[in-house]
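Student: with the input below, show me the fold.
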Amino acid sequence: MKKRYDLIVIGSGAAGIMAAIIAARKGKSVLLLEKLSKIASKLKATGGGRCNLTNTLSNEEFMARFGKDGRFMQDALGAFDHKALRDFFLGIGVETHAPDGYRIFPTSHSSSTIIAALQEEMHRVNIELLCSQKVEEILMENGHITGVKTASEIFYAPNVIVATGGLGYPILGAEGDGYTLAQKLGHSTTEIHPAMMPLKTKETWVKNCRADTIAKVQLRVDLPKAKKLRAVGDLIFTNNGIRGPVVLDFAREITPLLKKHGEVPLLLNLTKGLNEEQISQHLKEKVLLNPHAKIGEHVSTLLPFAISQELCLLAGINPEEVHNKISGAARAKLVQLLAWTPLSVVGHEGFKMAMITRGGIQLKEIDPKTMQSKIVSGLYFCGEVMNLDGPCGGYNLQWSFSSGALAGELNK
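Tutor: Numbering: from 1, shown residues only. Below is the predicted model of the structure:
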């Protein structure tokens, strides 16, 4: 006998679990299919395991951080914003807080708390969960969903929600399954790029500067048609490039450019926004106070010592030299480098290190008021599988929960 459900959800990440719970709370019979042996693998790793659920920004500010497509989220956020998300978790026994007034975490600062509570709620509302079930095909007849086919079985339902995520962190199960499933039903995807990850640079001096985090770094792209791309935040030099919050955020802008150009020139202000005039004046004051000090010591009043040494060398200056013995041209070059340090991004680790994916199912093919496909009746999408990604700070997880909650309403 065929077993039928009101809804089948493919993928047990944040979006899929939320969609399943919302539908089940409305009395729908729900089957949740997960291809891995356990649920929520990526959610468990979120925020280094601390699980930055969301943030305190208004919906307008929140949407703006996603760029030109952010307005697509208006209905989902209007129905289920960060306040609603906190209320949802409080209702299933998880308290949350915003220790810095911005990022919201479970008070335990552990993703395990979140996952355990979600599992208990899924059990309470009678969601049927089957792991180690990879969906090979979504079944359709006459433009309507009829069920899904796995390697071993066929499950029937008039509604299917695709919550398979993107391609980031394949070790946690990301394979882009949702793209293939949707394309077979007539949907199209944008170009797919890895995002939110460290970047590799052509310059090798960065490996000598790994000990320090540089706060409030201003970072911009030095390409004619991309000069408006800018970011500010903490940066860390690595053995072969750069990382840190500002890099993770900005990587989503860099990877498409890197694919197009092969190399992306950046300019970094490492001196908390000081311009050339201010830097020059600062150094002059330090020299007046201590004229016999080495130039590297003066520069290190602006930057960590290792970076100060490297920038002196880049300017053609011996950091052990005293200021008055350095030529005017060399001093000017140093000031210029301190104001804007050039770096060239030449690569990255690909999807294996990407926390999120840039690109996905075309938004124009999805109804933002319901998350239902405009092409196939009964087909819904939520979370990262769609062409919408945001920066670090709880944005992508909130979007997963919000879109999952809206999809789970099964509004036709």
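
Student: hang on, residue 357 is in a strand, isn't it?
Tutor: Yes. Assessed by DSSP: H, G, I helix; E, B strand; the rest coil, residue 357 belongs to a strand.

Student: so it touches residue 178, yeah?
Tutor: No. Counting by Cβ atoms under 8 Å, residue 178 is not a contact partner of residue 357; they are 10.4 Å apart. From N, CA and C alone the C-beta is placed, and that goes for glycine too.

Student: what do those two both touch?
Tutor: Residues touching both residue 357 and residue 178 by Cβ atoms under 8 Å, 6 or more residues apart in numbering: residue 165.

Student: residue contacts, residue 168?
Tutor: Residue 168 makes contact with 42, 174, 194, 195, 196, 351, 354, 355, 356, 357, 384, according to Cβ under 8 Å, 6+ apart.

Student: narrow these to those in helices?
Tutor: Those of those mapping onto helices are residue 42, per DSSP state H.

Student: what is the nearest of the contacts of residue 168 to residue 243?
Tutor: Using Cβ to Cβ, residue 196 comes nearest to residue 243 of the contacts of residue 168, at 10.6 Å.

Student: please report phi then psi for the closest one.
Tutor: Dihedral pair for residue 196: phi 50, psi 70, per degrees, to the nearest 10.

Student: what do you get for residue 97?
Tutor: Per-residue torsions, residue 97: phi -150, psi 170 (degrees, to the nearest 10).

Student: and residue 66, how far is that from residue 395?
Tutor: In this view, residue 66 and residue 395 are 7 Å apart by Cβ to Cβ, to the nearest Å.

Student: which of these two has more neighbours?
Tutor: Neighbour totals were compared for residue 66 and residue 395, and residue 395 leads with 24 against 18 (other Cβ atoms under 10 Å).

Student: the more buried one reaches residue 65, doesn't it?
Tutor: Yes. With contact defined as Cβ under 8 Å, residue 395 counts as touching residue 65 (6.0 Å).

Student: for the residue nearest to residue 154 when sequence neighbours are not counted, name its beta-bridge partners.
Tutor: Nearest residue to residue 154, sequence neighbours excluded (Cβ to Cβ, 6 or more residues apart in numbering): residue 147, at 6.0 Å. Note on residue 147: beta-bridge partners by DSSP bridges are residue 139, residue 156.

Student: what about residue 147, neighbour count?
Tutor: Around residue 147 there are 22 residues (other Cβ under 10 Å).

Student: next: the one 3 residues further on.
Tutor: The number of residues packed near residue 150 is 17, by other Cβ under 10 Å.
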